[in-house]
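Colleague: Provide a 3D model corresponding to the input given below.
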Amino acid sequence: MNESINRSLLNLLTYPWVEERVKQGKLLIHGGYYDFVECSFEKWTLGRGGSADSVVNREFWA
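Modeller: Residues are numbered from 1 along each chain as shown. Next comes the predicted model:
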């Protein structure tokens, strides 16, 4: 994953209402990265654990 995007997603969890809804499964946080050189796109979703270790639904298109 692109570290700057991952850090931004994790920063969203510093808001108590965001963290609560993620843990309840009411809110999904998605990140995406487009590589212009490789013409590829990577998308991922933070899981209920709300950490970099709980990435779910990681997808890659080229």
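Colleague: low-confidence ranges in this structure?
Modeller: 1, 49-53 (pLDDT under 70).
Colleague: all helices of it, in order?
Modeller: 3-12, 16-24 (DSSP state H).
Colleague: Distance from the chain centre to the first one, please.
Modeller: Centroid separation for helix 3-12 versus its chain: 7 Å, with Cα atoms, centre = their mean, to the nearest Å.
Colleague: next one: stretch 46-62
Modeller: Offset of stretch 46-62 from its chain centre (Cα atoms, centre = their mean): 6 Å.
Colleague: closest to Glu59 out of the helices of the chain?
Modeller: With Cβ to Cβ, the closest approach to Glu59 among the helices of the chain belongs to helix 3-12: 14.2 Å. C-beta coordinates here come from the backbone N, C-alpha and C atoms, glycine included.
Colleague: and the angle from that closest one to helix 16-24?
Modeller: 100 degrees (axes from the mean of the first three to the mean of the last three Cα atoms, to 10 degrees).
Colleague: counting contacts, what elements does helix 3-12 pack onto?
Modeller: Counting contacts by 3 or more Cβ pairs under 8 Å, 6 or more residues apart in numbering; DSSP states H and E, helix 3-12 is packed against strand 29-35.
Colleague: Provide the strand pairings for the strand it packs on, with the direction of each partner.
Modeller: strand 40-46 (antiparallel) (DSSP bridges).
Colleague: can you tell me which residues contact the residue lying farthest from the centre of the chain?
Modeller: Within the chain, Val37 marks the point farthest from the mean C-alpha position, 22.1 Å out by Cα atoms, centre = their mean. The neighbourhood of Val37, defined by Cβ atoms under 8 Å, 6 or more residues apart in numbering, contains no residues.
Colleague: so Gly32 makes contact with Lys43?
Modeller: Yes: counting by Cβ atoms under 8 Å, Gly32 touches Lys43, with 4.5 Å between them.
Colleague: how about the helices of the chain in CSV, adding mean neighbour count and distance to Val55?
Modeller: Shown next, in CSV, are the helices of the chain (neighbours: other Cβ atoms under 10 Å; distance: least, Cβ to Cβ, whole Å):
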stretch, mean neighbour count, distance to Val55
helix 3-12, 13, 8
helix 16-24, 13, 13
